[in-house]
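Engineer: the following block contains a protein sequence and its predicted model.
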2 protein chains.
Amino acid sequence: MDPKLGRMTLKEWVAIESDSVQPVPRFRQELFRMMAVAADTLQRLGARVTSVDMGSQQLPDGQSLPIPPVILAELGNDPTKGTVCFYGHLDVQPADQGDGWLTDPYVLTEVDGKLYGRGATDNKGPVLAWINAVSAFRALEQDLPVNIKFIIEGMEEAGSVALEELVEKEKNRFFSGVDYIVISDNLWISQRKPAITYGTRGNSYFTVEVKCRDQDFHSGTFGGILHEPMADLVALLGSLVDSSGHILVPGIYDEVALLTEEEINTYKAIHLDLEEYRNSSRVEKFLFDTKEEILMHLWRYPSLSIHGIEGAFDEPGAKTVIPGQVIGKFSIRLVPHMNVSVVEKQVTRHLEDVFSKRNSSNKMVVSMTLGLHPWIANINDTQYLAAKRAIRTVFGTEPDMIRDGSTIPIAKMFQEIVHKSLVLIPLGAVDDGEHSQNEKINRWNYIEGTKLFAAFFLEMAQLH
Amino acid sequence: MDPKLGRMTLKEWVAIESDSVQPVPRFRQELFRMMAVAADTLQRLGARVTSVDMGSQQLPDGQSLPIPPVILAELGNDPTKGTVCFYGHLDVQPADQGDGWLTDPYVLTEVDGKLYGRGATDNKGPVLAWINAVSAFRALEQDLPVNIKFIIEGMEEAGSVALEELVEKEKNRFFSGVDYIVISDNLWISQRKPAITYGTRGNSYFTVEVKCRDQDFHSGTFGGILHEPMADLVALLGSLVDSSGHILVPGIYDEVALLTEEEINTYKAIHLDLEEYRNSSRVEKFLFDTKEEILMHLWRYPSLSIHGIEGAFDEPGAKTVIPGQVIGKFSIRLVPHMNVSVVEKQVTRHLEDVFSKRNSSNKMVVSMTLGLHPWIANINDTQYLAAKRAIRTVFGTEPDMIRDGSTIPIAKMFQEIVHKSLVLIPLGAVDDGEHSQNEKINRWNYIEGTKLFAAFFLEMAQLH
């Protein structure tokens, strides 16, 4: 056995340019290499490894590219122990030194305790932390406290191409013995305080099209006698949300979960320096002034954002056009216990009401083009309590109990297909910069994170 | 003398690809050839011709292209006669047979009495009709009833590059003896009934920028706690005009000219088949049901059109972005006696009022990026009465007295600099399709138009 592979380091993984976003053969080759290296690492750890052929992908331009394999791996098969499945991904966002990286993105570089490199925190570092935790038991010649499974993909940043079909197919095979699922693919809300993530918002994305005809008009020749589609659309979009951020669609708040004292206490317990948050966001003023209100409006209340308009004049300069057909786009972030199809009906009815009052001769069509359910876990679930205890052991503190205002489709997908307790245990600090230039993971987070996963295994063993 | 040049035909002029819109050396060469041919034609007609070197033009890409010369020509210098100056242009819009032309755009082709070809109606045909009218007096060996001047350019479709400076410079030279200016560069409102155009709307183009920061946000990470610039902008744009087309900016109608009985009668006298107009416009329903209301709202009332938004998401698909900085664009078509700078103040004040009520922390900036005054002539001016009589002589009918809902910058420019009576006498029918595929002039319009100009010379002679 090559001893080097037993000590696979983050530096070696970051050096592989496993970019899944740019669909070019060179990066695909790197992705296949990345998955092969990971499979080899897991094999040498003693795992039973299957690299599932995912076929190929047809791109919009007609090109066909192979999809890197998904790794399914199993370590231990003791029926008296619980089985924890870890999900991670080894593909990364694009990175180009010319875009503002201070160091080569594919050369892990330590500066002041920070390990800079593409994929360092998203998600190669956390995957290796989990592997390192397993290795530690091996090195100490101790039995693993729990059975471990791995599902590692290479297409997460490109939308987890074909993953859902695989999970569906493996539901009663690979996933049949799984008791718990752990994902470590997001960040803390703080620089130093660990967190557990127990919920994400969903999203319903709408288009509202207003059409007079499929050709534009000249505003000199027709201005003054038309029901202009832009005037209709601006009125429709203007009817959705008020200046305080309150959504004006009737009934939209009806199913929003009631706020309990216990929940309020979770927000109070979170340390958030509002001034620093505001400065780092480069926002002059938020809609709310207190930490609790800010967190609740990001996590537990719905929000409506208007994204833009397709079909109108969108370039620099002055064009005297009356657009003939325009499509407004907005979305509502959904929270428990809002229902996607109820929201679809409420929004459609509301826009139809507003439009009918205008007596416009244009045609309006409302469509919901995307509907993702919110996800929430019970923070008193045994896995959550085990994770909390592990954090207390390693960090000597209570974790921030946090949610994510965005949707994490993987989490929702596992929950809906596999129906097991699922927890998100992030390792990285709030300023790790996933997806942006100078992505990093702190050496401290990487090492304490490895300890946390080991402690978590021991805590999980207590549940059985 | 080459007898052929004395009989220069529309076919030969259309064959010159004098496209001023596409800034490439080949078309510029054609433009220079076009101007040389026209100068030669005028010289052989006996005119004193100056081809004014217009220098060159710096394009945004750094390329420099020569500007075709402007022709200034004079025929006759009798102090006892009036002097009429004719403006025309010999450049054309781009034309490519692959875009839907049924015949080669640069080969004048007659089908059912229609002469198809790029520039046939805009503006080579009318320029030649004027020249032909002059030639007729020459051929009959008659003295010209009036002194004639020509100003012919080759950059009209590209925005009359450098023309204003030339007119300003020649104000007290070439234009000093001019009594009347005639332009024939628009169309009738009918297929068969001639028209005289006595007014155009102006235009004030506005941008309203709302900025939170110069970077976009993710709607999952920030949705719910921001004063979103798009929500502000949609509210601002939605405050401008109601669903009946009425502009909501306070005071905007204060200076609009009062409607007189005489003016109403001019609309009543115009034949407009509303059903046909609606069908050819492919509009299901206009804001108004009567001919008079339609014409008044196109010509004598202001209109407000929202053109689009820069900086928001404008592509197909679903992007969950909160734009950080957006620029809304709209314009108001101005009518007598609205004043550009008053309108600028009214709009700015209105938007500031609406914005301040939102208590948004974003920054708003309103700018008027273009301000063109409306133009209107006195239809009882002697030149107008002469043109009417000439139309009666040739066509045996009263002309439609029409305006143009768009701005014709050339007309306004001449009026503001030269301060002489200016009339627009179109020759082409409403369906001539200037700027579009299959542009044509009817043989009948071309020949009767030539007669009309000759009759107009005789009528104009009566004024002195």
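Structural biologist: Nice, thanks for sending it over.
Engineer: in stretch A:307-320, what's buried?
Structural biologist: Buried positions in stretch A:307-320, judged by neighbour count with 16 or more other CB atoms under 10 Å in any protein chain shown: A:307-314, A:318-320. Any C-beta I mention is one placed from the backbone N, CA and C, and that applies to glycine too.
Engineer: would you turn those residues into JSON lines with pLDDT and distance to B:Ala162?
Structural biologist: JSON lines is the format used below for the buried residues of stretch A:307-320 (pLDDT from 0 to 100; distance: CB to CB, whole Å):
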{"residue": "A:His307", "pLDDT": "96", "distance to B:Ala162": "43"}
{"residue": "A:Gly308", "pLDDT": "97", "distance to B:Ala162": "38"}
{"residue": "A:Ile309", "pLDDT": "97", "distance to B:Ala162": "37"}
{"residue": "A:Glu310", "pLDDT": "95", "distance to B:Ala162": "38"}
{"residue": "A:Gly311", "pLDDT": "95", "distance to B:Ala162": "35"}
{"residue": "A:Ala312", "pLDDT": "95", "distance to B:Ala162": "33"}
{"residue": "A:Phe313", "pLDDT": "94", "distance to B:Ala162": "27"}
{"residue": "A:Asp314", "pLDDT": "93", "distance to B:Ala162": "31"}
{"residue": "A:Ala318", "pLDDT": "86", "distance to B:Ala162": "20"}
{"residue": "A:Lys319", "pLDDT": "87", "distance to B:Ala162": "23"}
{"residue": "A:Thr320", "pLDDT": "89", "distance to B:Ala162": "23"}
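Engineer: okay, now the unreliable bits of chain A?
Structural biologist: A:1-8 (pLDDT under 70).
Engineer: quick one, helices of the stretch 51-200 of chain A?
Structural biologist: For the stretch 51-200 of chain A, the helices defined by DSSP state H, counting those that start in this stretch cover A:125-139, A:163-170.
Engineer: a markdown table please, covering these and showing mean neighbour count.
Structural biologist: What follows is the helices of the stretch 51-200 of chain A, written out as a markdown table (neighbours: other CB atoms under 10 Å in any protein chain shown):
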| stretch | mean neighbour count |
| --- | --- |
| helix A:125-139 | 22 |
| helix A:163-170 | 17 |
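Engineer: looking at the ones you listed, spot the one closest to B:His297.
Structural biologist: B:His297 sits nearest to helix A:163-170 of all those, at 54.9 Å, using CB to CB.
Engineer: remind me what the closest one packs against, helices and strands.
Structural biologist: strand A:70-75, helix A:409-418 (3 or more CB pairs under 8 Å, 6 or more residues apart in numbering or on different chains; DSSP states H and E).
Engineer: just name the most buried of the ones you listed.
Structural biologist: Most buried of those, by mean neighbour count (mean count of other CB atoms under 10 Å in any protein chain shown): strand A:70-75, with a mean of 22.
Engineer: what lines up beside that strand in the sheet?
Structural biologist: Using DSSP bridges, the strands paired with strand A:70-75 in its sheet are strand A:48-52 (antiparallel), strand A:147-153 (antiparallel).
Engineer: just name the most buried of those strands.
Structural biologist: It is strand A:147-153: most buried of the strands paired with strand A:70-75 by mean count of other CB under 10 Å, with a mean of 25.
Engineer: which residues sit against it?
Structural biologist: A:35, A:38, A:42, A:47, A:68, A:70-78, A:81-91, A:127, A:130, A:134, A:160, A:163, A:167, A:174, A:177-178, A:457 (CB atoms under 8 Å, 6 or more residues apart in numbering or on different chains).
Engineer: did I read that right, A:Val343 in a helix?
Structural biologist: Yes - under DSSP: H, G, I helix; E, B strand; the rest coil, A:Val343 falls within a helix.
Engineer: what's the neighbour count on A:Leu140?
Structural biologist: Residues near A:Leu140, counting by other CB atoms under 10 Å in any protein chain shown, number 9.
Engineer: so how far is A:Ile408 from it?
Structural biologist: 34 Å (CB to CB, to the nearest Å).
Engineer: and what of A:Leu236?
Structural biologist: 31 Å.
Engineer: and for A:Phe175?
Structural biologist: Taking CB to CB, one finds A:Phe175 at 18 Å from A:Ile408.
Engineer: where do the helices sit along the stretch 351-464 of chain A?
Structural biologist: Under DSSP H, counting those that start in this stretch, the stretch 351-464 of chain A gives helices at A:382-395, A:409-418, A:443-461.
Engineer: got phi/psi on the one residue in the stretch 1-150 of chain A that gets nearest to chain B?
Structural biologist: Residue nearest to chain B within the stretch 1-150 of chain A: A:Pro60 (11.0 Å; CB to the nearest CB). Backbone torsions for A:Pro60, taken as degrees, to the nearest 10, come to phi -50, psi -30.
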